[in-house]
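Peer 1: here is a sequence together with a model predicted from it:
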Amino acid sequence: LTPLDPGGELLSPEPVTARALTYARLATAAQALGVGHALLDRTVAHVRQRTQFGVPIGSFQAVKHRLADARIGLEFARPLLFGAALTLAPADVAAAKVTACEAAYTAARTALQLHGAIGYTAEYDLSLWLTKARALLTAWGDPEECRAEVLSAHALSGGRRW
């Protein structure tokens, strides 16, 4: 937007956009973790109330397994997010983002499956949460891009970092 002086002073060796991307990914990961937990909480409440064959569907083993898988994914993402917030290393943040966003997306798919057709309706709040989970998955870098950053940092460190 403005011509730069070729003899000017270098203010930062790191481009500002790289740091902004790191912060944006960290915020996205944190939001995804919250969205995933909101979806899981709403789904657990729903399966306790909805009945089939005279019993709540939450008592079925297949339903419990789907909810457990969603919960485990979210719980694995939490320490990655906290660690990334402490280090602010781009690879750590990318790992936290991909893990939290995929966990939230898994929770969204589980929520939709267990809510049934009502989850698609615009009148039901679940559709808003589903849309957020899907949008966060690709915001500020899709999962493949984030995985590539993690692998690149791992290769540069000679495999010593982890």
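Peer 2: Arrived safely.
Peer 1: centre-most residue in the protein?
Peer 2: Cys101 (1.8 Å; C-alpha atoms, centre = their mean).
Peer 1: can you list the weak-confidence ranges in the protein?
Peer 2: Applying pLDDT under 70 to the chain flags residues 1-2, 10-16, 158-162.
Peer 1: all the strands of this structure, residue numbers only.
Peer 2: Using DSSP state E, the strands of the chain run over residues 51-52, 55-56.
Peer 1: contacts for the first one next, please.
Peer 2: By that I understand strand 51-52. Ile57, Phe60 (C-beta atoms under 8 Å, 6 or more residues apart in numbering). In short, each C-beta sits where N, CA and C put it, glycine included.
Peer 1: so what strands line up beside it?
Peer 2: strand 55-56 (antiparallel) (DSSP bridges).
Peer 1: could you dump stretch 91-110 to CSV, C-alpha only?
Peer 2: Output of stretch 91-110 as CSV, limited to C-alpha atoms (Å, rounded to 0.1, in the frame of the first residue of the first chain):
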residue,chain,number,x,y,z
ALA,A,91,3.8,-26.7,14.7
ASP,A,92,2.3,-27.1,18.2
VAL,A,93,-0.6,-24.8,17.3
ALA,A,94,-1.1,-26.6,14.0
ALA,A,95,-1.3,-29.9,15.8
ALA,A,96,-3.7,-28.5,18.3
LYS,A,97,-5.9,-27.0,15.6
VAL,A,98,-6.1,-30.2,13.5
THR,A,99,-6.8,-32.3,16.6
ALA,A,100,-9.4,-30.0,18.1
CYS,A,101,-11.2,-29.3,14.8
GLU,A,102,-11.4,-33.0,13.9
ALA,A,103,-12.6,-33.9,17.4
ALA,A,104,-15.3,-31.2,17.1
TYR,A,105,-16.3,-32.5,13.6
THR,A,106,-16.6,-36.0,15.0
ALA,A,107,-18.8,-34.7,17.8
ALA,A,108,-20.9,-32.9,15.2
ARG,A,109,-21.3,-36.1,13.1
THR,A,110,-22.2,-38.0,16.2
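Peer 1: perfect, that will be all.
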